[in-house]
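**Q** sequence? don't have it. structure:
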């Protein structure tokens, strides 16, 4: 039995255009991707697929489908090499705490 | 049943749930216009903690730490959404709403009823809700107002905690037709490297397979004290967990985080596991075993404790009488 995993497919007609309000925030750093196939099944919204790249050491890479990505963050945990990155969204909200801007910036 | 959340935010997901054999779907919670900001979700909004990193439906341990918000569309979208779900699905569709003052609650409930939903769940306990609305004043009035305004079944979703039994009793008194036990609880986590709270920086809902143990207790307690049906939810990973809830007196069981982590296939897998249990134990209907474990609960006063004489508990049974030992 083929199962459509949960996602907001196209979000048409309902609810209103999601991508406009919530542009995707996950991005795959393709150079770091090791084609381990872990992130596609983890994504609840079917927003990650594997694509071929014949010339690279790893023959495939994960790619985020923008129209499905809700920026939920489930995939970050699945990536063993941290190749999935968070890009700050248009609303200007700060991202999750990063190691690089941690201790120096605080008043502790 | 599929619980309210990101797996019931879109019409196509209802079809997926139906295909998998779900008995009903509780739609994503819509907030009144006063909580318009809750239609926007922070990103990222989920983090899997303590995850066993098993994929493709094999995950057994995780904590879903999330700051999920309300339905992302306007209220008009939500009515259309309910209507579309109802048109496309054969299984019951249960609306879910959140507001603050009683008039708003009643107003939303009436619109959900007009849109064709089969029942409504009042999400008075979301771990993501803003502020501190108290049960005694706000929610009692809300349940009463909704009950008065609509004719279809009203379900009240309660959060785990010391008051849950009292709240379930109050909900029954206010005319609720069922209670959902329990919503996820509010938790918090800190990243010790950056010394900051993780994700969005405030409290978040936490849930996971471990959540079933306290929910078992709440369901067992409530089942003995309220007459209205109980919809149990929390930490269900397998059909065995569902059977346990049924044995403790739950009428229906809602699942969600297992769907999010292990995929929609979990729904059919869980129903298969329930069926296989029923075959193994010759159970014709779950009604036959509903609440059975409750009958065998030991009242606190009857619990056998050490009292000087040889214990008769299973671990302390003497194989040979003391006199005959050489």
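**A** Perfect, thanks for sending it. Note that the structure is predicted; figures quoted are calculated from it, not measured.

**Q** partners of the residue nearest to residue B:50 when sequence neighbours are not counted in the sheet?
**A** Closest residue to residue B:50 apart from its sequence neighbours, by C-beta to C-beta, 6 or more residues apart in numbering or on different chains: residue B:63 at 5.0 Å. Quick note: C-beta positions are derived from backbone N, CA and C, even for glycine. According to DSSP bridges, the residues that bridge with residue B:63 are residue B:49.

**Q** Quick one: neighbours of residue B:63, just the number.
**A** A count of neighbours around residue B:63, defined by other C-beta atoms under 10 Å in any protein chain shown, yields 19.

**Q** What distance do you get for it to chain A?
**A** Distance check for residue B:63 against chain A: by C-beta to the nearest C-beta, to the nearest Å, it reads 11 Å.

**Q** Low-confidence ranges, chain A, go.
**A** Chain A contains residues with pLDDT under 70 at A:1-25, A:88-108.

**Q** what about the strands in chain A?
**A** Under the criterion DSSP state E, strands of chain A are mapped to A:26-28, A:48-52, A:60-64, A:84-86.

**Q** These into TSV, with extra columns for mean neighbour count and distance to residue B:75?
**A** Output for the strands of chain A, formatted as TSV (neighbours: other C-beta atoms under 10 Å in any protein chain shown; distance: least, C-beta to C-beta, whole Å):
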stretch	mean neighbour count	distance to residue B:75
strand A:26-28	20	29
strand A:48-52	15	32
strand A:60-64	20	31
strand A:84-86	18	31
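
**Q** With respect to residue B:52, which of those strands lies nearest?
**A** Closest to residue B:52 of the strands of chain A, according to C-beta to C-beta: strand A:84-86, at 19.2 Å.

**Q** Name every strand pairing with that closest one and say which way it goes.
**A** strand A:26-28 (antiparallel).

**Q** Residue B:224 is in contact with residue B:299, isn't it?
**A** No - counting by C-beta atoms under 8 Å, residue B:224 sits too far from residue B:299 to count as a contact (11.2 Å).

**Q** neighbour-wise, which of these two wins?
**A** residue B:224 (13 against 6).

**Q** Which strand or helix spans that one?
**A** helix B:212-225 (DSSP states H and E).

**Q** mind checking the SS state of residue B:205?
**A** strand (DSSP: H, G, I helix; E, B strand; the rest coil).

**Q** So it versus residue B:111, what's the distance?
**A** From residue B:205 across to residue B:111, the span is 26 Å (C-beta to C-beta, to the nearest Å).

**Q** Comparing these two, which residue is more hemmed in?
**A** For the pair residue B:205 and residue B:111, the greater number of neighbours falls to residue B:205 (23 against 19), based on other C-beta under 10 Å.

**Q** On the pLDDT front, check the more buried one for me.
**A** We note a pLDDT of 88 for residue B:205 in this prediction.

**Q** now for the helix holding residue B:224, which elements pack on it?
**A** Judged by 3 or more C-beta pairs under 8 Å, 6 or more residues apart in numbering or on different chains; DSSP states H and E, the packing partners of helix B:212-225 are helix B:164-173, strand B:178-183, strand B:230-233, helix B:239-247, helix B:292-295.

**Q** In the fourth one, which residues are buried?
**A** Buried residues in helix B:239-247, counting neighbours by 16 or more other C-beta atoms under 10 Å in any protein chain shown, are found at B:239, B:241-247.

**Q** pretty sure residue B:233 contacts residue B:3?
**A** Yes - counting by C-beta under 8 Å, residue B:233 does reach residue B:3; the two are 5.2 Å apart.
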